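Asks: could you work out the structure for the sequence below:
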Amino acid sequence: MRILTLASQSCGSRYATDMSGQKEWREVLDAEVHRWSTMTCSQIVSELDEVKAYEVHLSGMQYQVEVELLEDTRDYLHVMVAVDDGSLPASMLPLASTFVLRKSDPAS
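Replies: I've put the predicted structure just below:
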């Protein structure tokens, strides 16, 4: 059985200068967490042999995304997704979320 749990950290949002900036960061983060959490465990392990960093675009803005496999145990994977706008000091404190995927069988 796969169980998904989410935890968010919003310390980076204090550098977004207005509420719309915070909302867009959250939209990007939510979309990327959904994208990664719907992959199989074997896909995630294959993709995240090291920290993956890439850019996404939303409403004409560019955002930096980093995804890291924090734990790969016999029973679960623990993954972190972080988003910022690439500027200083915002990139030092990104908006981040983690999720845990339970491994349902050895083929996951």
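Asks: number of residues surrounding Asp85?
Replies: The number of residues packed near Asp85 is 19, by other CB atoms under 10 Å. Heads up, the C-betas are built off the backbone N, CA and C, glycines and all.
Asks: so what's the nearest residue to it once chain neighbours are set aside up against?
Replies: Leaving out its chain neighbours, the residue that sits closest to Asp85 by CB to CB, 6 or more residues apart in numbering is Tyr63, at 5.9 Å. Taking CB atoms under 8 Å, 6 or more residues apart in numbering as the criterion, Tyr63 is in contact with 24-25, 28, 55-57, 83-86.
Asks: need the buried ones from these selected in PyMOL.
Replies: Buried residues within these, by 16 or more other CB atoms under 10 Å, are selected in PyMOL with:
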select buried, resi 24+25+28+83+84+85
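Asks: about what we covered before: what's the average pLDDT for the helix or strand harbouring the residue nearest to Asp85?
Replies: Tyr63 belongs to strand 61-72 when assigned by DSSP states H and E. The average pLDDT within strand 61-72 is 96.
Asks: let's see it as CSV, backbone CA atoms only.
Replies: The C-alpha trace of strand 61-72 is given here as CSV (Å, rounded to 0.1, in the frame of the first residue of the first chain):
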residue,chain,number,x,y,z
MET,A,61,7.9,33.9,-14.2
GLN,A,62,10.8,31.5,-13.9
TYR,A,63,11.1,29.3,-10.8
GLN,A,64,14.0,27.1,-9.6
VAL,A,65,13.0,23.6,-8.4
GLU,A,66,15.2,21.1,-6.5
VAL,A,67,14.2,17.6,-5.8
GLU,A,68,16.2,15.3,-3.5
LEU,A,69,15.8,11.7,-2.3
LEU,A,70,16.3,12.1,1.5
GLU,A,71,15.8,8.4,2.5
ASP,A,72,15.5,5.1,0.6
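Asks: thanks a lot, see you next time.
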